[in-house]
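> sharing a model that was predicted from the sequence below.
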Amino acid sequence: MIKLLLIGFGGAIGSVARYLVSSSTLTAFGPSRFPLGTLIVNGLGCLAVGILAGMVAKYDLFSENIRLLLFVGIAGGFTTFSAFGLESFELLRREEWFLAVVYVASSLLLGMTMVALGYLVINR
């Protein structure tokens, strides 16, 4: 139960942070057709996960519960793109080139296809 509470608490923090970064971007740069706020959130989320994963790998930091709070909760609430980035990086780090390409390509294709499918289901 404590794990679920940590993930939920972290998710709330990440979601609020995502909103703050996105709205600050809109305030700083004004409205745009390009989703700059989301791009910045995704980039920052990937940077944060990369730093945390590097710290875990190099120094074996953080207990399992703290890792759940940081990676699944906060980073996941901030952007799930960070999980995609980390998983893709891990495949490349392990030199599983084919799996990395398949994962990246299929994730993008599936994501866009499912968005289109959802849109079409509602707008038929």
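In hand now; what should we look at?

> pass me the low-pLDDT residue ranges in the protein, would you?
The chain contains no residues with pLDDT under 70.

> helices of that one, residue ranges please.
For the chain, applying DSSP state H gives helices covering 2-29, 36-59, 64-67, 76-78, 81-93, 97-122.

> just name the most buried of the ones you listed.
Mean neighbours per residue, mean count of other C-beta atoms under 10 Å, is largest over the helices of the chain for helix 76-78, with a mean of 22. Where you see a C-beta, it was placed from the backbone N, CA and C, and this is true even at glycine.

> and the contacts of that one?
7, 10-15, 17-18, 41, 44-45, 48, 82-83 (C-beta atoms under 8 Å, 6 or more residues apart in numbering).

> just the closest of the residues you listed to residue 60, please.
Of all the contacts of helix 76-78, the one sitting nearest residue 60 is residue 48; the distance, using C-beta to C-beta, is 18.6 Å.

> from residue 86, how far off is the residue nearest to that closest one when sequence neighbours are not counted?
Closest residue to residue 48 apart from its sequence neighbours, by C-beta to C-beta, 6 or more residues apart in numbering: residue 75 at 6.2 Å. To residue 86, residue 75 is 9 Å away according to C-beta to C-beta, to the nearest Å.

> which neighbours do these two share?
residue 49.

> now do the same contact list for the closest residue to residue 40 other than its chain neighbours.
Residue nearest to residue 40 in three dimensions, not counting chain neighbours: residue 25, with 5.6 Å by C-beta to C-beta, 6+ apart. For residue 25, the contacting residues are 36, 37, 40, by C-beta under 8 Å, 6+ apart.

> ok, residue 71 next?
Residue 71 sits next to 49, 52, 83 when contact means C-beta under 8 Å, 6+ apart.

> thanks a lot, catch you later.
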